[in-house]
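Novice: here's my sequence, what's the structure:
(2 chains)
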There are 2 protein chains.
Amino acid sequence: MLKENEVNINTLLNQLDDITSVDLALQLSDLEDNEIQEICSKLSDKELANILEESEEKTQIRILDLLRNAKILNVFSYMSKDDIVDILGEIEIGKSKELINLMKDGKDKKIIEELLGYKDDSAGGIMTTEYIALKKDLSISQAIQKIKEIVSSSEVIETIFIKDNKKIIGITNLRDILIAPENSTLESITNKNFISVEPETDQEEVALLASKYDLNVIPVVNQNHVLLGIITIDDIIDVIQEEQTEDVLKMAGVDKEETIDSTVFQSIKMRLPWLIVNLATAFLASLTVKAFENIIAQVVALSAIMSIVTGMGGNAGTQTVSIIIRNIAMGKVELKDSLKLVIKEILLGIINGAFIGLLTGIIVALIYGNAYLGIIIFLAMIGNLVISGIFGILVPLILAKLKLDPALASSIFLTTATDVLGFFLFLSLAQVFLPKLI
Amino acid sequence: MLKENEVNINTLLNQLDDITSVDLALQLSDLEDNEIQEICSKLSDKELANILEESEEKTQIRILDLLRNAKILNVFSYMSKDDIVDILGEIEIGKSKELINLMKDGKDKKIIEELLGYKDDSAGGIMTTEYIALKKDLSISQAIQKIKEIVSSSEVIETIFIKDNKKIIGITNLRDILIAPENSTLESITNKNFISVEPETDQEEVALLASKYDLNVIPVVNQNHVLLGIITIDDIIDVIQEEQTEDVLKMAGVDKEETIDSTVFQSIKMRLPWLIVNLATAFLASLTVKAFENIIAQVVALSAIMSIVTGMGGNAGTQTVSIIIRNIAMGKVELKDSLKLVIKEILLGIINGAFIGLLTGIIVALIYGNAYLGIIIFLAMIGNLVISGIFGILVPLILAKLKLDPALASSIFLTTATDVLGFFLFLSLAQVFLPKLI
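Specialist: Next up, the predicted model:
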């Protein structure tokens, strides 16, 4: 293992001129601390800044642990404020405060302290302050001159914000500036209809706006329309992927913080609570069966067949729930649309249920030599698929309406419904037809 | 209902100056055909082009059906080629060919025919040709002049492609052009390390590259490094959301084409096949139980308890599978990493299984007044959770290694394993302890 690392670090040292920051950052995560230190000593402060920006959280913390505070502050001077704020939020709070205290008093330090005040997953928490905002009265040639001066310290130059005193009144873009007559004012090419968010806006909503309106950058303003910062498209994409991961994991009852690098102990803490909740609903279904124990005692075949009904109800319900949850996430459906969706699911439940039920009923009747077993499973299948369709539509929409996350709780409500009601339906039908089954 | 639409269209007609294309496009989809025609008649060709770009597929087809071919071609002249190609790919093929034949022979027509030749979900299928590519020998001032000339017909101006004859040799950006000395050449500020894709590259891979390297635009080149087109970030975001929807729906056995607007008939065709496949695995589990029917006949309590074991196995397995599938989608894990992940899941299965099993065992023993029932469910729970952990890691990774989509098939293999093996484990233990249970 040691030999393999030795080869890696020598290869890396040779590749330093050609490798991208992204790839180097990925490789660093596999090295030992002394090797990371060796690589870092060969990088300029600017290169180190790029590495830090691209590294995963664990690696960022390890790198910062290896550098002196003065060096860290030099590296920070090459980073955009939102990345600095992210890192400060991850490292141990004592060290974070040390670094902030060491910063020269002034505009930068003030901005960082402000940005740190916002919640991580809000617009304020992901915005940065490297934008270009110009006064509306500037002429085009003055504007171009100003842009040339500040271009190297801004993240985004193709969208220019136009201000009147401190307020943002509109936006324009570099394209329009380049083709406008040199003597006209910025105001004449300003688009006053633009989309902005407030710093408390949730990052998921910001991402929805960006994707809906094809925006490359979203300004963050306070209630007086003073520009506080901007959110750039690369951060939007990170948010979209983060939110998507969160939804997928939530539907499975997994904490969004769990990664493949989580330790056994961390995974237990993150998975066990959901398993216990599921245990409670499993017991509910179990007690439903227990209520019919005397029936099963007389027709043991029921015990083998009943799980087919509940299983199919769960599968059909999962189909419905997944479509609805995905459409809720994309902002395409609300509770008020539910009536026609429920009607459609009932029809689907009847038709799919009849088809599946017929297939199942015939096979069961043949295996067990009793047509009535086939009939009750046919009826129960239709019933359970209708139930799963109704719950599959209503549960996520009601949860979303109550401002609860549909991805998290829908599956548990759904499986409880299809299991409990599925067993109940099937075994009740068995009770009704009991004389014919014995 | 009619009155509501009348109010809507009048409101819309009044709002035409203030509403964005995105919002207008959304509202159009709720109107009747004659109302859409009325709105469209009030829009300029350029505005109509924006509406078409932002509309959903169904609405696009409806709008085109209402316009004469000559009008459509005028509208197309304001649209970027990738959007034209998308629309042509959606409408009925006869009409598509009509429109292409009516186009004036020339560069535009040739480009559109080329783009139509690429698969929908490949780099070639989502690229557009409105980029800026300049010769490396141009001076900075010549470059700025050239950019001003062509700026209105390009989608992306902040990234400029530098060519030598027809080959792309590097990229630069507007920022660097603006601050470079007027007499230096473009070549002197060209970055020759850049990421590109070939037209056959799958769109999912393009999106992964864009998000990994924070790219705003990705050039598409052929094997001779001639620039064929570019993919812009707004299209990347659409791809990311499309792929994510696909994965979520696949995991539930739903066709990616299904939307909330699908008809009952379409939904049946898209959901029934998967339900039939699940039925087969449900029968497998059912036959496993049937093999132990004589045991259940003697201890009916088993019928109520056994579904707790398989249910928890399914839940725990879903947790594992979701994490792995998400990490496969983000390119963070491969089959070769599986050994330590499997070991971790075995440990998790033992610990979580012991915890859940203890809880379940105690409750079951109390309800049924038999400690051995509690013991067998304790052991079966540990066993099934270990099984679900192992399958949860290996199945998706093996499927991915075989170039099959893990999102699609993992859940079915997993539930088959946890149900069949769960029942087998539990009922075998019951057989072993049978004397103590009766």
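
Novice: ok, now which ones touch the residue positioned nearest the centre of chain A?
Specialist: By CA atoms, centre = their mean, chain A has its centre lying nearest to A:Glu243, at 0.9 Å. For A:Glu243, the contacting residues are A:203-204, A:207, A:329, by CB atoms under 8 Å, 6 or more residues apart in numbering or on different chains. For every residue, glycine as well, the C-beta is placed using N, CA and C.

Novice: again, only using 7 Å
Specialist: A:204, A:207 (CB atoms under 7 Å, 6 or more residues apart in numbering or on different chains).

Novice: tell me the buried residues in the helix or strand that contains it?
Specialist: Taking DSSP states H and E as the definition, A:Glu243 sits inside helix A:233-251. Within helix A:233-251, the residues scored as buried using 16 or more other CB atoms under 10 Å in any protein chain shown are A:233-237, A:239-241, A:243-251.

Novice: got the domain boundaries for chain A?
Specialist: Following automatic domain parsing, chain A resolves into domains at A:4-115, A:133-239, A:264-437.

Novice: for the ones you listed, give me JSON lines that also has distance to chain B and mean pLDDT.
Specialist: Converted to JSON lines, the domains of chain A look like this (distance: least, CB to the nearest CB, whole Å; pLDDT from 0 to 100):
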{"stretch": "domain A:4-115", "distance to chain B": "6", "mean pLDDT": "84"}
{"stretch": "domain A:133-239", "distance to chain B": "4", "mean pLDDT": "88"}
{"stretch": "domain A:264-437", "distance to chain B": "4", "mean pLDDT": "92"}
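
Novice: looking at those domains, which is buried most?
Specialist: Highest mean neighbour count of the domains of chain A: domain A:264-437, a mean of 21 (counted as mean count of other CB atoms under 10 Å in any protein chain shown).

Novice: end to end, how far does that domain reach?
Specialist: 50 Å (CA to CA, to the nearest Å).

Novice: from the chain's centre, how far out does that domain sit?
Specialist: Distance of domain A:264-437 from its chain centroid, counting by CA atoms, centre = their mean, to the nearest Å, is 28 Å.

Novice: go on, stretch A:123-136?
Specialist: With CA atoms, centre = their mean, you get 24 Å for stretch A:123-136.

Novice: dump that stretch to CSV, keeping only the CA atoms.
Specialist: Output of stretch A:123-136 as CSV, limited to C-alpha atoms (Å, rounded to 0.1, in the frame of the first residue of the first chain):
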residue,chain,number,x,y,z
ALA,A,123,-29.6,32.4,-0.9
GLY,A,124,-27.4,34.4,1.5
GLY,A,125,-25.5,31.3,2.3
ILE,A,126,-24.5,30.6,-1.2
MET,A,127,-24.1,34.0,-2.7
THR,A,128,-20.8,35.8,-3.4
THR,A,129,-20.0,39.5,-3.7
GLU,A,130,-17.8,39.6,-6.8
TYR,A,131,-20.2,41.2,-9.2
ILE,A,132,-20.2,44.3,-11.4
ALA,A,133,-22.7,47.1,-10.5
LEU,A,134,-22.5,50.4,-12.4
LYS,A,135,-24.3,53.7,-12.1
LYS,A,136,-27.1,54.2,-14.6
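
Novice: how about the strands in the stretch 201-350 of chain A?
Specialist: Using DSSP state E, counting those that start in this stretch, the strands found in the stretch 201-350 of chain A span residues A:217-221, A:227-232.

Novice: what packs against the last one?
Specialist: So that's strand A:227-232. Strand A:227-232 makes packing contacts with strand A:217-221 when contacts are defined by 3 or more CB pairs under 7 Å, 6 or more residues apart in numbering or on different chains; DSSP states H and E.

Novice: send me the strand it packs on as CSV with only the CA atoms.
Specialist: Extracted C-alpha coordinates of strand A:217-221, given in CSV (Å, rounded to 0.1, in the frame of the first residue of the first chain):
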residue,chain,number,x,y,z
VAL,A,217,-26.8,34.6,-12.4
ILE,A,218,-29.4,35.6,-9.8
PRO,A,219,-29.0,38.8,-7.8
VAL,A,220,-29.7,38.7,-4.1
VAL,A,221,-31.3,41.9,-2.8
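
Novice: so what's A:Leu24 up against?
Specialist: Counting by CB under 7 Å, 6+ apart, A:Leu24 touches A:Ile51.

Novice: from A:Glu198, how far out is A:Thr281?
Specialist: 40 Å (CB to CB, to the nearest Å).
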